[in-house]
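Q: kindly return the folded structure for what I paste below:
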Amino acid sequence: MTEHVETGVEHPAPAGRAVVITCSSRAAAGVYPDRGGPLLVAALRDWGFVVDDPVVVPDGPLVEAALRDAVAIGAAVVLTTGGTGLTPTDGTPEATRAVIDREVPGIAEALRSAGVAAGIPTAMLSRGMAGLAGRTLIVNVPGSTGGVKDAIAVLEPVIGHAVSQIAGGDH
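A: Residues are numbered from 1 along each chain as shown. Predicted coordinates for the structure are as follows:
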């Protein structure tokens, strides 16, 4: 186990492979830089995961394809950022639903609750979801950097335990 310096939360090391997918047409087109994806990568690395730089895909069918690719390489965890809102192009939850076998609704509920508790009432508008695709945990995180930071705080104390359980570990 390694201890996170700032919070004292222990993380298994190594925890396995992880993938971060940024779902944003504008970031994919270079209109602006991906800011949330690198934050998620840094957190996952800090938690002991082996993770490459974010995969940046436009909203739409490429989100589902990127999710399926991540599952195919055996990622233990896939975190997406973006595409969870109400705009016509926000389709990350639908892409996730097409890939997962079972939902893990408590994670998505906790992410929304943390945002609302932090004084961001629009956090309740996130349609993000979480679930299992085989032995891969997929979690949708909002696209804003604030939403990403809130998600990191929510996920940090449970992600190692979740991965352990998925792999057959004890409760």
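Q: please, where are all the helices along this protein?
A: Ranges of helices within the chain are 25-28, 36-46, 61-72, 92-99, 105-117, 145-155, 159-166, based on DSSP state H.
Q: how far does the last one sit from the chain's center?
A: I take that to be helix 159-166. On the basis of Cα atoms, centre = their mean, to the nearest Å, helix 159-166 sits 14 Å off its chain's mean C-alpha point.
Q: and if you look at the shortest one?
A: Relative to the mean C-alpha coordinate of its chain, helix 25-28 is positioned 18 Å out (Cα atoms, centre = their mean).
Q: what comes into contact with that helix?
A: For helix 25-28, the external contacting residues (Cβ atoms under 8 Å, 6 or more residues apart in numbering) are 22, 32-34, 56-60, 82, 89. All C-beta atoms are positioned from the backbone trio N, CA, C, and that covers glycine.
Q: quick one: contacts for the closest residue to Gly83 other than its chain neighbours?
A: Of all residues beyond its chain neighbours, the one nearest Gly83 is Thr92 (3.3 Å), with distances taken as Cβ to Cβ, 6 or more residues apart in numbering. Residues counted as contacts of Thr92 (Cβ under 8 Å, 6+ apart) are 23, 59, 63, 80, 82-84, 128, 140.
Q: output the below-cut-off pLDDT ranges for this structure.
A: Along the chain, the parts satisfying pLDDT under 70 run over 1-14, 171.
Q: any idea what the most centrally placed residue in it is bridged to?
A: Among the residues of the chain, the one closest to the centroid is Leu79, at 2.2 Å (Cα atoms, centre = their mean). Per DSSP bridges, the residues bridged to Leu79 are Val20, Val139.
Q: and which of the contacts of Thr92 is nearest to Glu109?
A: Nearest to Glu109 among those is Gly128, at 10.0 Å by Cβ to Cβ.
Q: that closest one against Val141, yeah?
A: Yes - Gly128 is within contact range of Val141, at 6.6 Å (criterion: Cβ atoms under 8 Å).
Q: quick one: which of the two has more around it?
A: Neighbours were counted for Gly128 and for Val141 using other Cβ atoms under 10 Å; Val141 has more, 32 against 27.
Q: and the closest residue to that one other than its chain neighbours, how many neighbours does it have?
A: Nearest residue to Val141, sequence neighbours excluded (Cβ to Cβ, 6+ apart): Ala151, at 4.2 Å. Residues lying near Ala151 (other Cβ under 10 Å) number 27.
Q: quick one: Ala151 from Arg17, how far?
A: Counting by Cβ to Cβ, to the nearest Å, the separation of Ala151 from Arg17 is 19 Å.
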